[in-house]
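> sequence unavailable; structure follows:
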DNA sequence: TCCATTCGCAACTATTTGGTTGCAAATATA
DNA sequence: TATATTTGCAACCAAATAGTTGCGAATGGA
């Protein structure tokens, strides 16, 4: 559980996506989060650790409790990537591609 | 390399994200794609297999060649999830949360 | 001070992942 | 027909992942 720590890795796991959604509604402690899942507190804690490493989530230390918050700017990176993808899709040149294929076939 | 096949798993790997971007520009065969990467054709092929399972990509059989296309509707699922997240974020009730915490502290 | 609670860390396990190589099937070309 | 090209599939491997249990540190209340 070491490498390739980015937002996309963060949202790959369904439990982590659920954690993100719960934290989007309300910042929470690991225990409060764990109550929403079948898996143990430690499992949730590990996901929080990963989410923290990805900077998708930020811990706020309050005495012995740790309240986890969504780090919104990091989530925007997904949006950004998606926008870029959509831009490329809108610019795709199937027609030109078709023409090029035709030319190549004629060449042969 | 078996389970949990969804769009989020599909975009978790940086190579797969690159493949998606390339295919967004222009539908391509595995060989054409592999030229853009250091890893072997088989590695790229495996990613294409995963992307096909996730329905992020659709194969078009042309004789011995297979042209891979982006399956746009599937990509929209990411957008959909992100929209839901953004909605929850916009509705988050930090103020209320704060009030509840205050009440709880007083109760103790 | 003593005890319960909250939590991270370490060790361990089974499964999944991303990659490799080798091979066989199908198609195109000579 | 013989040969080269494009491709998927199977077997294998090292590393990462998701989960577990057990422990110890720090905090807060009695």
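Structure's in. What do you need? All values reported here derive from a predicted model rather than from experimental measurement. Numbering: from 1, shown residues only, chains lettered A, B, ... in the order given.
> all strands for chain A, in order.
Assigned by DSSP state E, the strands in chain A fall at A:57-62, A:65-70.
> what's the longest helix in chain A?
Criterion DSSP state H: the longest helix present in chain A is helix A:72-91.
> hmm, that one in reach of chain B?
Yes. Contact of helix A:72-91 with chain B is found when judged by CB under 8 Å from any CB of the partner chain, involving A:72, A:75, A:78, A:79, A:81, A:82, A:84, A:85, A:88, A:89, A:91. Backbone N, C-alpha and C define where each C-beta goes, glycine included.
> ok, the fifth one - contacts?
Which is residue A:81. By CB atoms under 8 Å, 6 or more residues apart in numbering or on different chains, the residues touching residue A:81 are A:8, B:17.
> go on, the fourth one?
With contacts taken as CB under 8 Å, 6+ apart, residue A:79 has the following neighbours: residue B:82.
> can you give me the pLDDT of it?
On the pLDDT scale, residue A:79 is placed at 97.
> what about it, distance to DNA strand D?
Separation of residue A:79 from DNA strand D (CB to the nearest atom of the strand, to the nearest Å): 22 Å.
> then the third one?
If you measure residue A:78 against DNA strand D using CB to the nearest atom of the strand, the figure is 16 Å.
> now that residue. Nearest residue, chain neighbours left out?
Nearest non-adjacent residue to residue A:78, counting by CB to CB, 6 or more residues apart in numbering or on different chains: residue A:7, 5.5 Å away.
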